[in-house]
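Trainee: Model the following, please.
(one chain, ligands or ions: 1)
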Amino acid sequence: MSSNRKCRFHVNVSDTEDKLVQSLSDVLKRCSSQALENAKTFRVGLSGGSLVQLLTSALVSSGLDTKCWQFFFCDERYVAQDHNESTYWAYKTQMLTKLPNILDSQFIKADTSVSLDKCASDYAERIVNEFGTSCPVFDLLLLGMGPDGHTCSLFPEQPANLAETERLIIPIRDSPKPPPERITFTLPLINNAKDVVFVVTGASKSDVVKRVFAGMDKKFPSAWVEPTHGQLTLIADSAAGETFLGQTCHCAHETN
Ligand SMILES: O=C1O[C@H](COP(=O)(O)O)[C@@H](O)[C@H](O)[C@H]1O
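Mentor: The predicted structure is shown next:
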């Protein structure tokens, strides 16, 4: 399968949830130890949705020491922090309850009590302050993908958001998937990361997995994710990743 992809690309398709969770644990182990060799903090960007439970399982089963980890949100819904649509709340109620060693203060949360625009600009400022640079480089971003090819809160119906070159975080209005108001990482921030890992499961996503990761069809926001100096990984179950079955480590790295 040829590709014009500019970054290193790995695919890992698992036929059981246990194996998928193991692949995710392996990535967490590799990225955290690389980061902590040179820095005091391992900085991870989280997505919501199905990732919450899979990441929780990976952390529980791996027993990794997370005390030097810091968690950010690649996108967040503009709702109260204890709303059941809040991604932070999903982690608080589903992950922190199973991993009591992770402190709430390790989560860098968006302030959704201010206006949507301010929420986005404040979160960007918070990230810049935490990293101490206006060009933050995340150690790892864990991304999901919807059956429509959206990732973070970058949706195919809103292509103008893919053209953002300045802001790290933008507000989203009229999101096609509820809730309608959100904030999201933009492509410059995403593609500046060292490792970007998509975790995608379920047969409803098999077609879009093929179109995004094999076809690199730019109609889908996920196909714009290509870390400039980093590595892209797809971790999928066999239902979502059927197009890559039998290629447990498909690496495509072509410079053009
Ligand atoms: O709305 C969202 O959806 C995507 C995909 O979620 P999934 O449940 O299909 O895995 C998620 O990555 C994103 O963070 C979330 O806001």
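Trainee: Pull the contacting residues for residue 76.
Mentor: Residue 76 makes contact with 48, 86, 87, 88, 109, 110, 112, 123, 182, 183, 184 under the criterion Cβ atoms under 8 Å, 6 or more residues apart in numbering. From N, CA and C alone the C-beta is placed, and that goes for glycine too.
Trainee: Among those residues, which are located in strands?
Mentor: 182, 183, 184 (DSSP state E).
Trainee: Can you report how many residues lie near the residue nearest to the last one when sequence neighbours are not counted?
Mentor: Translated: residue 184. Closest residue to residue 184 in three dimensions, ignoring its sequence neighbours and counting by Cβ to Cβ, 6 or more residues apart in numbering: residue 153, at 3.7 Å. Residue 153: 26 surrounding residues under other Cβ atoms under 10 Å.
Trainee: gap between residue 153 and the ligand?
Mentor: For residue 153, the distance to the ligand equals 6 Å [Cβ to the nearest ligand atom, to the nearest Å].
Trainee: and if you look at residue 119?
Mentor: Distance, residue 119 to the ligand, using Cβ to the nearest ligand atom: 15 Å.
Trainee: picking that back up, mind checking which of the ones in strands among the contacts of residue 76 are buried?
Mentor: Among the ones in strands among the contacts of residue 76, the ones that count as buried by 16 or more other Cβ atoms under 10 Å are 182, 183, 184.
Trainee: thinking the first one is in contact with residue 170, fair?
Mentor: Right, residue 182. No. With contacts counted by Cβ atoms under 8 Å, residue 182 stays clear of residue 170, the gap being 9.4 Å.
Trainee: Around the ligand, which positions in the chain sit nearby?
Mentor: 47, 48, 49, 50, 51, 75, 144, 146, 153, 177 (Cβ under 6 Å from any ligand atom).
Trainee: from those, which is closest to residue 204?
Mentor: Within the residues of the chain next to the ligand, proximity to residue 204 (Cβ to Cβ) peaks at residue 146, which comes in at 9.2 Å.
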